[in-house]
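Enquirer: Sequence and predicted model, in that order:
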Amino acid sequence: MASKLEIKNLHVVIDYKEILKGLDLTVNEGETHAIMGPNGSGKSTLANVIMGHPKYKITSGDIIFEGKSILALTPDRRAKLGLFMAFQHPLEISGVSLANFLRTAYKHINTGMDEKNIASVSEFRKLMKEKMNSLGIDEDFAKRYLNEGLSGGEKKKSEVLQATILRPKIAILDETDSGTDVDAMKTISDSINNLKKESNTGILMITHYNRILKNVKPDLVHIMVDGRIVKTGDASLADRVESSGYNEFAVVA
């Protein structure tokens, strides 16, 4: 069965303020969806809620993955099912090397596999080296503590590296294009496209800008305003936003 993420009439509150106000969205395996919208519209809230961030309270609605509600599942359980999130502001974690972090995550994600199918240490190092080279990440970064001392663009590459190694069924990319230069953007885009091609991963990309969508072609673009998706269309919708902004959609909300 193809993986499907369904969000149904989702209402979410934080600090007594409603952020998501009846949001509906379906992302199928192998599809690329882009969510665009002004600051404060609830885009990052949606990403965090899908992954089970505990500070958000769901007051009604449901999140269904592969036919079952995941509302009661912790973030690690959701990750094991095949959901992944690349953070808008990746955290620095001292004392944990990038290599050890990824090897541990890889083993836990694949706990349902037969032991012989889980990559050995040498095989994993080979896989990691291959993916790091494709992203233009220096191999010495594997020994460094997670995200410590990295530039904004390097942190975003690190997030995409995690996705390409873990090969999730659905990947949520929260402003992966922010803080990156033109060359890094092209490299990141190529890796996202390869992830989709190799793993049939469904991509839910949150972005303010159309530039990454020139390289990672979306099947659907959703405009989010005031906690709701108010318009859905093809890639040309992102061009409209780039030329005229979000004002025309605010009235619909």
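Expert: On my side now, so go ahead.
Enquirer: Give the bridge partners for the residue nearest the centre of the chain, please.
Expert: Averaging the C-alpha coordinates of the chain gives a centre point, and the residue nearest to it by CA atoms, centre = their mean is Ile172 (1.9 Å). Each beta-bridge partner of Ile172 is listed here, defined by DSSP bridges: Met85, Leu204.
Enquirer: can you check Leu10 too?
Expert: Leu23.
Enquirer: What is the neighbour count of it?
Expert: The burial count assigned to Leu10 is 25, neighbours taken as other CB atoms under 10 Å. Bear in mind the C-beta positions are built from the backbone N, C-alpha and C, glycine included.
Enquirer: what do you get for Glu130?
Expert: 11.
Enquirer: That one in helix, strand or coil?
Expert: Taking DSSP: H, G, I helix; E, B strand; the rest coil as the rule, one finds Glu130 in the helix state.
Enquirer: which parts of the longest helix along the chain are buried?
Expert: With DSSP state H setting the assignment, residue counts place helix 182-199 as the longest helix in the chain. Of the residues in helix 182-199, those scored as buried under the neighbour-count criterion (16 or more other CB atoms under 10 Å) are 184-185, 187-189, 191-192, 195-196, 199.
Enquirer: do you know how far Tyr56 is from Ser191?
Expert: If you measure Tyr56 against Ser191 using CB to CB, to the nearest Å, the figure is 29 Å.
Enquirer: Likewise for Ser236?
Expert: 25 Å.
Enquirer: ditto for His33
Expert: To Ser191, His33 is 18 Å away according to CB to CB.
Enquirer: same thing with Asp181?
Expert: According to CB to CB, Asp181 stands 15 Å off from Ser191.
Enquirer: Check His108 too.
Expert: Taking CB to CB as the criterion, His108 is separated from Ser191 by 22 Å.
Enquirer: How about Ser120?
Expert: Between Ser120 and Ser191 the distance is 24 Å, computed by CB to CB.
Enquirer: where are the low-confidence patches of the stretch 101-250 of the chain?
Expert: Within the stretch 101-250 of the chain, the stretches falling below the threshold (pLDDT under 70) are 111-119.
Enquirer: Now do the helices in it.
Expert: Ranges of helices in the stretch 101-250 of the chain, per DSSP state H, counting those that start in this stretch, are 121-134, 152-166, 182-199, 236-244, 247-250.
Enquirer: chain center to the third one, what's the gap?
Expert: It stands for helix 182-199. Offset of helix 182-199 from its chain centre (CA atoms, centre = their mean, to the nearest Å): 13 Å.
Enquirer: got the contact list for it?
Expert: Outside of helix 182-199, the residues that reach it under the criterion CB atoms under 8 Å, 6 or more residues apart in numbering are 30, 32, 131, 134-136, 153, 156-157, 160-161, 163-164, 167-168, 171, 173, 176-177, 180, 201, 203, 205, 211-212, 215-216.
Enquirer: Swap in 7 Å and give it another go.
Expert: Outside helix 182-199, the residues that touch it by CB atoms under 7 Å, 6 or more residues apart in numbering are 30, 32, 134-136, 153, 156-157, 160, 163-164, 167, 171, 176-177, 180, 201, 203, 211-212, 215-216.
Enquirer: Just the buried subset of those, please.
Expert: Buried residues within the contacts of helix 182-199, counting neighbours by 16+ other CB under 10 Å: 30, 32, 135, 153, 156-157, 160, 163-164, 167, 171, 176-177, 180, 201, 203, 212, 216.
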